[in-house]
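K.L.:
structure for the following, please:
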Amino acid sequence: MGKVRRTNKVVTLIVACLGSFMIQLDNSIIILALPKIQASLHTSLSGLQWTIDAYTLILAALMLTGGTLGDRFGRKRFFLIGLALFTIGSALCGFASTLSWLLFGRVVQGVGAAALTTNSLALLAVAFPEAKERAQAIGLFTGLSGVAVSVGPLIGGVLTQIGNWPTIFFVNVPIGLLTLLLALPSLPESRDPNARRIDLPGQVLVIAGLTCLVTALIESSSAGWTSPLILALIALAVVFLVAFIFVEARVREPLVPLQLFGIRVFTAANLLTLILSCGTVGPVFFLAQYFQEVQGHSVLEAALCTLPISIGVFMTAPLAGRLAARFGVRLPIVVGGLIYGCSMLLLTRLEPDSPYISVWWILGMAGIGFGLCLSPLAAAVLSATPPQRAGLGSSLFNANRQVGLTLSIAVLGTIVLQQFPTNITGQLIGRGVPASMSEDIAHKVAAAGGQASHSAALGQLPITPSALQQALNQAFVDSLHVMFFIAGIAVFAVAIMAAVLLRQTRREEKREVADAPMATEEPLVIATITEES
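P.N.:
As a prediction, this is how the structure comes out:
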C-alpha cells in the first residue's frame, strides 16, 4: 500500500509539472513566432496583439473561478478538463489557416489553462500532505515553471525555424496526451467541503468589462479614439466594471472579496504588480519584431538575441527572495524597478542598424530588474493576506499579473501603432516624397502590418524600394522609442511607489516574508482537503 501510495505521489508530481510546463512554455514560446504568423495569415500588428491577448485575457478572467470549480466538483476532474481543452486548443491553433481560427484556438487554450493552473497545486497538496515533502514538491514544480518561461523563446525559435509557426502549438499535443494518460488512472480525486459558491454574475461582468476595455485599446489604433465604436466600448467597460464592484460588495461569496483591498500593503503590492506587468511584456513583444523584421535575423537568431532577458530573470529571481527575507520586500523592488526603468530608457537609443554588442547588456539589465521585482511583490501580497485567505490572495496576485500582461500588449501596442503612420509620413517627406502621397502610403503600410513586402500594392513610388524599406524601419524604431520611454517611466513609478507605499519596520517585514507561503506562478492551495477513495 505504501509503495502504491508513493508511486501515486511521484506520478501526481510528474503530471502537475507537465501541465504547468505546457502553460508556462506557451506564455513565452509564441513571442518569437509572431512575425511568421503575421506573414502566413496576412494579419496586421493589431491582429498579433489579439494573438497574445485572446489567451491572457481569458486566463486572467477565469483563473479564480477555475479554482472554485475544482474545489466544489473535483480537482482531478477539472485538471483533466483543463488539460483536454488546452491540448485541443493547441491543435486548433496549429491547424489555423485564418486569424479568426487561430484566435478561437487561443481562447480554448486560455480556458484550459485557467483550469490547469488553478488545480495543479491543489493536486500536489493532496498527494503531499506533510509540510516538508510538500515544500520539496512545490519547489520542483515552480522551478520547472521558471525553466519553461526562461527557455520558451529559445524553444519557440528552434521549432519555428524547423517546422514553421504551427509547430509551437503542435508540440503541446503529445505532451498533453502523455499527461492525460498518466493522470487518468493515477490522480486521486479531492474536493473542499467548504468551497465557495460560484459567483456567476461577478464572473460574467469581469469578462465583459475586460473584453470591452482591451478591444477598445487594441482597435483604437485603426478606428481612432473618437470613433463611436471605441467610445461605446469604453463606456461599456466602465459600466461593466463598476457593476462588478457593486455586485462584489453585496454577494455573500464574491469572486474577489473587496475587504482584502482595505489592507494597505495588499492593495499597494497588487497595484505595483499590475503596473510592472503592463511595462514588461510589450517591449519583448516588439523586440521580437525588431530583430526579425528590421534587422533581418532568422527566428532562431532572434531567440538568441532576446536570451539575455531570460538569463537575467533566471539568475536574479532566487536572489530577490533572499534579499526580501533579509532586508524586506521594499529594497529589491525599488532597486529592480530602477534597473528595469533605466534599461527601457537606454533602449530609446536603439537604431535599425544598432550592433548587438550595444544591445545585449541592456536586455540583460531588463531581465535582472524584472527578476528582482516579481518575487518580492508576490511575497508582499501573501504576507499582507490573512492566513485563512492565503490561497485566494495568491490567486488574486496571479490573476492580476495576467491582467497586467494583457493590458501591456494592448496599451503599449496601441502606442506603437498610433505613432507608426505619423513616423512613416515624416520619414517619407524627409526623403522627398510629397506630403499627400506620404500620408497615403503611411496609412496603407500601417494597415498592412508595416511589412515592406506589401509595398508592391502601393503603386509607382518616387523612391527606390530600398529607400522605402529604410524609411519603414526607421519609422518603426522611432515608434518603439516612445513605447520604451513610457514603459520605463511606468516601472520607475513602481520603484518610487514601492518606496512610499511598502513602508514597514524591517522587523515586521522580515517576519512577514519569512512567514508568507511560497510565491509561485500558480495559486497556492490552503484549504481543507478531503480525498476520495
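
K.L.:
burial count for residue 271?
P.N.:
Per other Cβ atoms under 10 Å, the neighbour tally for residue 271 reads 15. Quick note: C-beta positions are derived from backbone N, CA and C, even for glycine.

K.L.:
other SSEs contacting the lengthiest helix in the chain?
P.N.:
Longest helix of the chain, by residue count under DSSP state H: helix 390-430. The helices and strands touching helix 390-430, judged by 3 or more Cβ pairs under 8 Å, 6 or more residues apart in numbering; DSSP states H and E, are helix 45-73, helix 200-223, helix 264-278, helix 281-289, helix 360-384, helix 435-447, helix 465-501.

K.L.:
show me the domain layout of this protein.
P.N.:
Following automatic domain parsing, one finds the domains of the chain at 1-196, 200-252, 258-418+482-519, 422-476.

K.L.:
Throw the ones you listed into JSON lines and include mean pLDDT, thanks.
P.N.:
Shown next, in JSON lines, are the domains of the chain (pLDDT from 0 to 100):
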{"stretch": "domain 1-196", "mean pLDDT": "83"}
{"stretch": "domain 200-252", "mean pLDDT": "89"}
{"stretch": "domain 258-418+482-519", "mean pLDDT": "85"}
{"stretch": "domain 422-476", "mean pLDDT": "76"}
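
K.L.:
now the helix or strand hosting residue 302: buried residues?
P.N.:
Per DSSP states H and E: residue 302 is located in helix 299-327. Using 16 or more other Cβ atoms under 10 Å as the test for burial, helix 299-327 gives 299-314, 316-317, 320-321, 323-325, 327.

K.L.:
got the angle between that helix and helix 360-384?
P.N.:
Using axes from the mean of the first three to the mean of the last three Cα atoms, to 10 degrees, the inter-axis angle of helix 299-327 relative to helix 360-384 is 40 degrees.

K.L.:
after helix 299-327, heading C-terminal, what element do we hit next?
P.N.:
Using DSSP H and E, the helix or strand that directly follows helix 299-327 along the chain is helix 330-347.

K.L.:
that following helix to helix 264-278, inter-axis angle?
P.N.:
20 degrees.

K.L.:
distance from helix 330-347 to the middle of the chain?
P.N.:
Centroid separation for helix 330-347 versus its chain: 19 Å, with Cα atoms, centre = their mean, to the nearest Å.

K.L.:
on that earlier part again, for the helix holding residue 302, name the packing helices and strands.
P.N.:
Applying 3+ Cβ pairs under 8 Å, 6+ apart, one finds that helix 299-327 contacts helix 131-163, helix 281-289, helix 330-347, helix 360-384, helix 506-515.

K.L.:
dump the ones you listed into TSV; add mean neighbour count and distance to residue 84 as well.
P.N.:
Converted to TSV, the helices and strands packed on helix 299-327 look like this (neighbours: other Cβ atoms under 10 Å; distance: least, Cβ to Cβ, whole Å):
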stretch	mean neighbour count	distance to residue 84
helix 131-163	18	20
helix 281-289	24	28
helix 330-347	23	38
helix 360-384	25	29
helix 506-515	15	38
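
K.L.:
tabulate these in a markdown table, adding columns for distance to residue 477.
P.N.:
Listed next are those as a markdown table, based on distance: least, Cβ to Cβ, whole Å:
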| stretch | distance to residue 477 |
| --- | --- |
| helix 131-163 | 21 |
| helix 281-289 | 10 |
| helix 330-347 | 10 |
| helix 360-384 | 14 |
| helix 506-515 | 41 |
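
K.L.:
which one of these lies closest to residue 409?
P.N.:
helix 281-289 (5.9 Å; Cβ to Cβ).

K.L.:
ok, and what's touching the closest one?
P.N.:
Outside helix 281-289, the residues that touch it by Cβ atoms under 8 Å, 6 or more residues apart in numbering are 31-32, 34-35, 45, 48, 52, 153, 302, 305-306, 309, 344, 347, 363, 366, 405, 408-409, 411-413, 416, 476, 480, 483-484, 487.

K.L.:
contacts only, for the residue nearest the centre of the chain.
P.N.:
The residue lying closest to the centre of the chain (Cα atoms, centre = their mean) is residue 405, at 4.1 Å. By Cβ under 8 Å, 6+ apart, the contact set of residue 405 is 52, 56, 60, 277, 280-281.
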